[in-house]
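*Asks:* 3D model of this:
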Amino acid sequence: MRTIIEISDVVITGSHHLKDYALKFSKNVFLIPTSIDTDKWKPGSNLERDKNGFCIGWCGTGSNLKYLNLLREPLSVLGKKFNIELKIIGPESEAENLPEFKNVKSNYQSWNLDNEIEVISKFDIGIMPLYDGEPERGKCGLKLLQYMSLGIPAIGSAVGENRYIVEDGINGFLAADKEEWLKKLEMLITDKDLRKRFSIEGRRRVLERYSLKDNAKKLTQIIESLN
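*Replies:* Below is the predicted model:
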């Protein structure tokens, strides 16, 4: 990786952590965050549905299922107080590797590009738990951006790029440990107005900083500057 960076005319990174790393070996480094097609990923009718249960959702790859273990205890506690469905979307091949959750109904659904937006739009809260390690600090926060672009209130671990995407308490929540996950999930479950505010402000955040149209223009300008 160091060699690739050193011989490149320009380096594009998707997170602040990766940018800091690349700057050790190149002066021509730019940050263009993971971006969302906001014309496609836009709020639907999920915001104020009348129903008995409460859907907390996660979408990701099989290798990231391990992060859900961080929520086993918080969800077990919350499941005793609320009717919670945990909807997990991932590769069909990983269905048997799902962590075991108590007191909540867990529902694993195979990921499909054709209905990805439709399925995620049914979440009441979107979650992005992470361990605090070197690989996680370089992640670019796609899950949070997908949730927020759809107007879904989001909570992510206070790790890496998540800390730049979410302003804690303004457009979403950041959680540093299991106690904060428990506290902040319960706040969202019980506070309809807070969910609505995070829905609006989360969408606004994506439009301001993570729009595919705007960031594509920035990338074009960087490439054209090399000529």
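*Asks:* contacts and neighbour counts: CA atoms only from here.
*Replies:* Noted.
*Asks:* need the contact list for the residue nearest the centre of the chain.
*Replies:* For the chain, the residue nearest the mean C-alpha position is Leu144 (2.1 Å; C-alpha atoms, centre = their mean). Going by C-alpha atoms under 8 Å, 6 or more residues apart in numbering, Leu144 touches 126-128, 154-156, 162, 165.
*Asks:* just the CA coordinates of the lowest-mean-pLDDT helix or strand in the chain, formatted as CSV?
*Replies:* Across the helices and strands of the chain, mean pLDDT, DSSP states H and E gives its lowest value to strand 105-110, namely a mean of 92. Below are the C-alpha coordinates for strand 105-110, written out as CSV (Å, rounded to 0.1, in the frame of the first residue of the first chain):
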residue,chain,number,x,y,z
LYS,A,105,-37.2,-11.4,17.5
SER,A,106,-34.2,-11.5,15.1
ASN,A,107,-35.0,-11.7,11.4
TYR,A,108,-32.2,-12.5,8.9
GLN,A,109,-32.9,-11.5,5.3
SER,A,110,-30.6,-12.1,2.3
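*Asks:* Go ahead and name everything in contact with the following helix or strand past that strand.
*Replies:* Scanning forward in sequence from strand 105-110 by DSSP states H and E, the next helix or strand is helix 116-120. Here helix 116-120 makes contact (C-alpha under 8 Å, 6+ apart) with 41, 57, 59, 147.
*Asks:* Helix 116-120: how far from the chain's middle?
*Replies:* Relative to its chain's centre, helix 116-120 lies at 14 Å (C-alpha atoms, centre = their mean, to the nearest Å).
*Asks:* downstream neighbour of it in the secondary structure list?
*Replies:* strand 125-128.
*Asks:* ok, that following strand: who's next to it in the sheet?
*Replies:* strand 54-59 (parallel), strand 154-157 (parallel) (DSSP bridges).
*Asks:* Among these, show me which one is buried the most.
*Replies:* Highest mean neighbour count of these: strand 154-157, a mean of 26 (counted as mean count of other C-alpha atoms under 10 Å).
*Asks:* ok, which stretches of this structure are helices?
*Replies:* For the chain, the helices defined by DSSP state H cover 2-7, 16-22, 72-79, 116-120, 134-137, 142-149, 162-165, 178-190, 192-209, 212-224.
*Asks:* Distance from the chain centre to stretch 113-129, please.
*Replies:* Using C-alpha atoms, centre = their mean, the offset of stretch 113-129 from its chain centre is 10 Å.
*Asks:* What's the end-to-end length of that stretch?
*Replies:* End-to-end distance for stretch 113-129, by C-alpha to C-alpha, to the nearest Å: 22 Å.
*Asks:* One more: stretch 167-184?
*Replies:* Termini of stretch 167-184 sit 14 Å apart (C-alpha to C-alpha).
*Asks:* what bits of this protein have low per-residue confidence?
*Replies:* Residue ranges of the chain with pLDDT under 70: 45-52.
*Asks:* ok, 50 please
*Replies:* Low-confidence segments of the chain (pLDDT under 50): 49-50.
*Asks:* Look up the closest residue to Leu71, ignoring the ones flanking it.
*Replies:* Lys178 (7.0 Å; C-alpha to C-alpha, 6 or more residues apart in numbering).
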